[in-house]
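Student: everything below, folded, please.
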Amino acid sequence: MSSKIYLFILSIFVLSCGANNETKKPNVILIITDDQGVGDLGINQNPNLQTPNIDRFASESIRFDNFFVSPVCAPTRSSLLTGRYSLRTGVRDTYNGGAQMSGDEITIAEILKEANYETGIFGKWHLGDNYPFRPTDQGFDESLIHLAGGIGQVGDFTNYYAKNRSYFDPVLWHNNKQKKLDGYCSDIFTQKAIEFIEKNKSKQFFCYLSFNAPHTPLQVPEKYQKQYSETNFDKEIYYANQLMQMSENDKNDARKIYGMISNIDDNLGRLFQKLYQLEIEDNTIVIFMTDNGPQQLRYNSGLRGKKGGVYNGGIKVPFFMKVPKKFQELKKVKNLSAHIDVLPTITELCGLDLPKNIKIDGRSLVPNMKGKKGEDRFLFSYWTRKQPEKYINMSIQDDNYKLIANTSFDSEIKNFELYDMKKDPYEKVNIIDNNISKAKKFKHEMDKLLGELTASKNLKTPPRTKIGTCFENPTFLNRNDASGDRGVWAQDEIYSFWRVNFKKGTYNFNFKFKDTIKSSGTMSTEINNIIYSKKISDSTFDNIVMKQIEISEGDVDLLSFFLTSEYKRFYPFWIEIEKVK
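Tutor: Numbers count the residues shown, from 1 in each chain. Here you go, the predicted structure:
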């Protein structure tokens, strides 16, 4: 049993695991795509995109027409898995060390695993790539993932150098070991999820199928590229309260994205057919959703904004849930719902209790599925780089109104924006001038929640990668999880470091640089108030090895860089650290 489970009392009533589906708890399949907006579905009146399998699934499911997530992916995924606002979990960004979910968090995978479910993830994780943040540390029995936020991004050093072919024949991490697989990434993840389902068809299982598509880089198999090669985009796009025309670059991007989505649609058709063939669809909860709005300008059902912003175009997404018939009451739910509600909803549908002594921000949607409105509540959204920035890109809403803050930290209330979400879901008319008292009420709720979240333990004391444990050795620290200046990405001359915790021992280090360096200089790494340096003669190299460094136990902000003879600093692209004794 996971040590985290002992932190709370979990009451579970486990039913028989026999062949009779009536006595089994329902299987759970959670499907999420990356950067697919509300408008990226045929069922939502996209004039150019064909998604027949998802459309059919939506027509057979309960549709939540007022469902919201975070503006970007890692925060959404942490809230989805824990039922908590991302800041409570330590997740505050998509990189810069801000996409590591605390190992103390209780995930839906852990809850289901404790109830004798087999658990598997296939695709994107993006909540930390080292112990104790990995899927296998957070409740998953089987894990097939890529590193960082996307295949071929700077944090995914195993595929970075593949460049415009990174989505094809990628090197993935299967149960924390590198493994090269053949094929296109979305095909691979779907096939492995299907194999997991087949293997566990007679058991109870939780399958998290987390596509990295249609996120950039926009790489698509030729068959799907051709499908939209002649597509014309003659409709104006509503964005940021204006009507805009798509540029040629926008259109070219959309053609690739639509190809990537059609590929996902075909893959989901295979998965849905497999559930039918295995005769388990009547005892399987299936959820389809996306993690935020579109990154690029294209059709988005008239919503204002896109990924990264708190207007509806960035945070309102499709959410379809197909449940066993005994739970099904309505076809549409119009009440406010969100990513934080998924965990409490799944636990109730599976007959399990929520973890005790932990703040769960979400609530079960089962009453809404039975036609009940539920209590009024506020939903908070935000995103800025590195840390929350007061009154920048923040919103708070209920079922009727939404307050948006995009102003100075000491701004008057009149500089906020207020929208009537019933009359104006496209956020065209700012009504704050005539509703100051209502706006102040919403601002008070925003301030209260912002203060509570920014005081969270995991935000004040960010979680650290643990090095030298029996769970991971060697450890590969990648650029996605490096902290430092806001621009830490592929730029290797920008200040960066890793927050880690060392076990006492002797270690070897291999510092890998993004590009070849042609210079003499000094390699330095700072550990526990001691600097270890090594002179490098005139040479050409892309890595430097330092061995037999004795390190005492404790927290370290690991700062390592190569200083050239011209006084230029180069920070490592990744670091391999191995405990040798």
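Student: now stretch 446-458: mean pLDDT?
Tutor: Mean pLDDT, stretch 446-458: 96.
Student: then stretch 561-579?
Tutor: Average pLDDT, stretch 561-579: 96.
Student: Asp492 belongs to a helix, doesn't it?
Tutor: No - under DSSP: H, G, I helix; E, B strand; the rest coil, Asp492 falls outside any helix and is assigned coil.
Student: OK, contacts around it?
Tutor: Neighbouring residues of Asp492 by CB atoms under 8 Å, 6 or more residues apart in numbering: 513-515, 570-573. Backbone N, C-alpha and C define where each C-beta goes, glycine included.
Student: can you name the residues that contact Val323?
Tutor: Residues in contact with Val323 (CB under 8 Å, 6+ apart) are 26, 62, 285, 349, 369.
Student: quick one: which of those residues sit in strands?
Tutor: Mapping the contacts of Val323 onto strands (DSSP state E) picks out 62, 285.
Student: let me have the contacts of Val323 in JSON lines, extended by distance to Lys466 and neighbour count.
Tutor: Formatted as JSON lines, these follow (distance: CB to CB, whole Å; neighbours: other CB atoms under 10 Å):
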{"residue": "Pro26", "distance to Lys466": "35", "neighbour count": "21"}
{"residue": "Ile62", "distance to Lys466": "41", "neighbour count": "21"}
{"residue": "Ile285", "distance to Lys466": "34", "neighbour count": "20"}
{"residue": "Leu349", "distance to Lys466": "34", "neighbour count": "21"}
{"residue": "Met369", "distance to Lys466": "41", "neighbour count": "21"}
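Student: make JSON lines out of the contacts of Val323 and add pLDDT and distance to Lys356.
Tutor: Listed next are the contacts of Val323 as JSON lines, based on pLDDT from 0 to 100; distance: CB to CB, whole Å:
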{"residue": "Pro26", "pLDDT": "96", "distance to Lys356": "23"}
{"residue": "Ile62", "pLDDT": "94", "distance to Lys356": "28"}
{"residue": "Ile285", "pLDDT": "97", "distance to Lys356": "24"}
{"residue": "Leu349", "pLDDT": "95", "distance to Lys356": "19"}
{"residue": "Met369", "pLDDT": "91", "distance to Lys356": "25"}
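Student: who does the host helix or strand of Ser437 touch, helix- and strand-wise?
Tutor: For Ser437, the element it lies in under DSSP states H and E is helix 436-454. Helix 436-454 is packed against helix 86-89, strand 379-382, strand 394-397, strand 401-405, strand 417-420, with contacts defined by 3 or more CB pairs under 8 Å, 6 or more residues apart in numbering; DSSP states H and E.
Student: and among those, the most buried is which?
Tutor: Of those, the one with the most neighbours on average (mean count of other CB atoms under 10 Å) is helix 86-89, at a mean of 27.
Student: related to what we said a few turns ago, and the contacts of Asp492, which of them are buried?
Tutor: 513-514, 570-573 (16 or more other CB atoms under 10 Å).
Student: just these now: which is nearest Asn212?
Tutor: Nearest to Asn212 among the buried ones among the contacts of Asp492 is Phe573, at 20.6 Å by CB to CB.
Student: return the helix or strand in this structure with minimum mean pLDDT.
Tutor: strand 237-239 (a mean of 66; mean pLDDT, DSSP states H and E).
Student: in the following helix or strand past that strand, what's buried?
Tutor: Per DSSP H and E, the first helix or strand lying C-terminal to strand 237-239 is strand 242-244. Judged by neighbour count using 16+ other CB under 10 Å, strand 242-244 contains no buried positions.
Student: low-confidence stretches in the stretch 301-450 of the chain?
Tutor: Along the stretch 301-450 of the chain, the parts satisfying pLDDT under 70 run over 326-330.
Student: just the helices from it, written as ranges.
Tutor: 312-315, 342-349, 366-369, 436-454 (DSSP state H, counting those that start in this stretch).
Student: tell me which strands and helices the following helix or strand past the longest one is in contact with?
Tutor: The first helix or strand that comes after helix 436-454 along the chain, using DSSP H and E, is helix 457-460. Using 3+ CB pairs under 8 Å, 6+ apart as the contact definition, the elements that helix 457-460 packs against are helix 86-89.
Student: thanks a lot, see you next time.
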